[in-house]
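> Dropping the sequence and predicted coords here.
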Amino acid sequence: MILTIRQWCLRMADDVRLLRWALVIVLLLQLLLAAAYLAYERHRLERFTVQILRNTSLLYAQMLEQTQSLVHYQCQILGNRILRGEAGVTDLQRAQTQSPWIAGIRVLDATGEVVDYAGHVPVAVAGSHAADDEQALKLDIYPNLYVLSLPGQADQDFGGLVEVQTLRGRQGQLLGSVQSFISNRRLNEQLNISLRRGFDLGQSGRIVVIDRKQSRIAFLAGMTSHGLQAGQQQNWQEPVLHATAYGEGVVRYHSSVDGSERIGVLTELESGAERRWMQVISIDRDEYLHSWYSQLVMLMLLFPLLALLQWQLAHVAYRNRRQRLQLAYDSRHDPLTGLANRRHFDEWAGQACSEARRYGQPLSLLALDLDHFKRINDRWGHDVGDKVLVATAGCIRQALRECDLAARFGGEEFVVALPQTSLAAATSVAERIRARVSELRVDAGAEQISMTVSIGITGLHSEEASADAALLRADEALYAAKHGGRNQVCVRE
Ligand SMILES: Nc1nc2c(ncn2[C@@H]2O[C@H](COP(=O)(O)OP(=O)(O)OP(=O)(O)O)[C@@H](O)[C@H]2O)c(=O)[nH]1
């Protein structure tokens with residue numbers, strides 16, 4: 001596996017098109033990873049927000065319920081005492097000023113006349129004589145809890161929870177009633193205090209209590225948006241609809257008040273037998289996704305930069321590797337013919353000789369020299385001489401196997417090493433080269449010139465550890481070929 005990856009890397013390092021494709025794939029993968037991270041982060045933030053909304057909702061529901069039952073019992077006791085003549089208006093006033101909730105208390109006798117009052121109770125209830133339960137219901141007074149909302153009223157003191165309790169004597173006779181008023185302003189203040197202690201919903205957090213029975217908003221509080229009033233239910237159709245249609249859960253909706261996308265948690269309030277009240281705590285999507293949007297923008301800005309950087313780095317690395325390879329190649333090859341140079345031949349031959357010795361295999365060496373090359377140079381110039389050298393190198397290369405090595409030692413002198421080749425086989429290779437070179441024709445202006453080559457052959461002796469002595473013998477054989485009349489092959493055992 002690691003080998004395959006390594007091979008792929010090497011292939012990519014040699015082929016720029018492959019490298020680019022690989023880079024494109026890597027960048028696409030990175031983009032996919034970034035998208036997956038953003039999706040996960042968004043989901044995580046949403047879950048976290050829902051948790052906060054749920055906790056806030058529970059906190060507030062608890063506060064509302066406790067407040068209501070506290071006020072309920074406080075007013076019941078006080079109302080009874082006043083109707084029995086055991087307490088007076090000063091007790092009412094004390095209770096009203098001491099309680100952070102009660103904005104007003106009013107005690108009515110059995111005939112519906114106001115006996116005592118303290119603070120402010122909205123006018124709308126003032127005339128309503130809740131002398132008994134039946135009448136209270138007729139006046140749309142829900143037992144224990146009646147949320148008053150006055151459309152168009154800017155003052156929050158005009159909206160809130162009005163509790164109407166019927167007071168009866170020991171024998172069940174009607175004594176009168178007590179009305180207590182918890183204003184929206186007080187509720188909002190207390191709510192903000194508890195929220196500051198608990199969970200911060202930010203600028204866009206809103207709490208709405210919905211009367212499911214009448215499909216209208218009973219109470220509305222924004223964490224900071226004091227301009228929003230209960231009674232503006234025509235703008236709040238969506239949460240009202242959600243709250244009336246579904247039970248507890250999470251809702252996502254589009255607010256028609258400010259056009260924001262909101263996420264909210266619905267909680268049923270325990271007050272009343274009918275579970276009539278539904279609380280919706282919501283927050284603007286842009287607010288809870290604020291940090292997510294920052295990450296999105298950061299990634300959108302950073303990704304192209306990082307992609308460009310990676311692209312450039314990969315290309316620089318590719319160019320460096322190509323240069324290194326080219327330098328390594330140049331240091332081991334003859335620039336004119338592309339054959340191995342002396343240094344490469346010496347390294348290679350050293351290895352080949354020790355292998356031949358170890359395995360007792362023959363190794364033959366050929367020394368080749370073009371005949372009268374100086375004349376070609378002198379007559380046709382160096383450029384034509386170079387062409388002749390290149391053409392001769394091509395001939396030599398064609399005659400060899402992959403395991404053989406041909407080198408140019410300088411000038412018009414070439415050397416060939418033939419591993420696992422006997423002298424007889426080497427002689428036939430040399431003859432083949434000689435014949436091909438003599439058939440070569442190289443263009444020199446309007447003319448075509450021909451050339452011949454002399455070749456000396458020898459084999460590596462079993463006691464020889466390097467190719468030096470064999471190279472000398474091959475040179476001697478070449479010398480003999482030159483003296484023998486050139487264009488011939490001479491063998492020296
Ligand atoms: N064109 C060209 N000529 C070269 C190069 N290297 C060496 N020579 C020339 O090769 C010639 C070698 O000549 P000699 O060594 O006298 O040998 P020759 O003329 O081939 O004679 P014999 O070897 O005796 O047949 C010289 O003229 C060198 O200048 C080269 O890279 N290109």
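Yep, it's here. Bear in mind that the values here come from a model prediction, so they are computed numbers and not experimental data.
> where along the stretch 301-450 of the chain do the helices fall?
In the stretch 301-450 of the chain, the helices defined using DSSP state H, counting those that start in this stretch lie at 342-359, 373-380, 382-399, 423-439.
> Dihedrals phi and psi, the closest residue to Cys353 other than its chain neighbours?
Distance criterion Cβ to Cβ, 6 or more residues apart in numbering; nearest residue to Cys353, sequence neighbours excluded, is Ala467 at 5.3 Å. Every C-beta, even on glycine, is put in place using the N, C-alpha and C of the backbone. Note on Ala467: backbone dihedrals following degrees, to the nearest 10 are phi -90, psi 0.
> how close does Ala467 sit to Ile263?
Distance, Ala467 to Ile263, using Cβ to Cβ, to the nearest Å: 84 Å.
> next one: Gln398
79 Å.
> Over to Tyr40?
For Tyr40 relative to Ile263 (Cβ to Cβ), the value is 18 Å.
> and what of Ala481?
Ala481 is 96 Å from Ile263, by Cβ to Cβ.
> rewinding a little: of Ala467 and Ile263, which one has the most company?
Set Ala467 next to Ile263 and count neighbours by other Cβ atoms under 10 Å: Ala467 wins out with 23 against 20.
> what angle do the helix or strand in which Ala481 is found and helix 342-359 make?
Using DSSP states H and E, Ala481 sits in helix 468-483. Angle, helix 468-483 to helix 342-359, by axes from the mean of the first three to the mean of the last three Cα atoms, to 10 degrees: 110 degrees.
> contacts for helix 468-483?
363, 365-369, 371, 415, 454-461, 464, 488-492 (Cβ atoms under 8 Å, 6 or more residues apart in numbering).
> redo that, cut-off 10 Å
With contact meaning Cβ atoms under 10 Å, 6 or more residues apart in numbering, helix 468-483 is reached by 345-346, 349-350, 353, 363-369, 371, 409, 413, 415-417, 430, 434, 453-461, 463-464, 467, 487-493.
> list the buried ones in it?
Using 16 or more other Cβ atoms under 10 Å as the test for burial, helix 468-483 gives Ala470, Leu471, Arg473, Ala474, Asp475, Ala477, Leu478, Tyr479, Ala481, Lys482.
> just the CA coordinates of the helix or strand just after it, formatted as PDB?
Per DSSP H and E, the first helix or strand lying C-terminal to helix 468-483 is strand 489-492. Extracted C-alpha coordinates of strand 489-492, given in PDB (Å, rounded to 0.1, in the frame of the first residue of the first chain):
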ATOM      1  CA  VAL A 489      37.100  -5.400 -35.200                       C
ATOM      2  CA  CYS A 490      40.100  -6.800 -33.300                       C
ATOM      3  CA  VAL A 491      39.900  -9.100 -30.300                       C
ATOM      4  CA  ARG A 492      42.400  -9.200 -27.400                       C
END
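> give me the residue from the stretch 51-200 of the chain nearest the ligand.
Gln51 (83.0 Å; Cβ to the nearest ligand atom).
> the strands in the stretch 51-200 of the chain, which residues?
Along the stretch 51-200 of the chain, the stretches classed as strands by DSSP state E, counting those that start in this stretch are 102-109, 114-119, 146-148, 160-168, 174-183.
> These into CSV, with extra columns for mean neighbour count, distance to the ligand and mean pLDDT?
As requested, these are exported to CSV (neighbours: other Cβ atoms under 10 Å; distance: least, Cβ to the nearest ligand atom, whole Å; pLDDT from 0 to 100):
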stretch, mean neighbour count, distance to the ligand, mean pLDDT
strand 102-109, 24, 111, 84
strand 114-119, 18, 116, 86
strand 146-148, 23, 107, 45
strand 160-168, 23, 107, 74
strand 174-183, 24, 108, 80
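> Can you lay out these as TSV showing distance to Thr56?
TSV is the format used below for these (distance: least, Cβ to Cβ, whole Å):
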stretch	distance to Thr56
strand 102-109	24
strand 114-119	29
strand 146-148	20
strand 160-168	19
strand 174-183	20
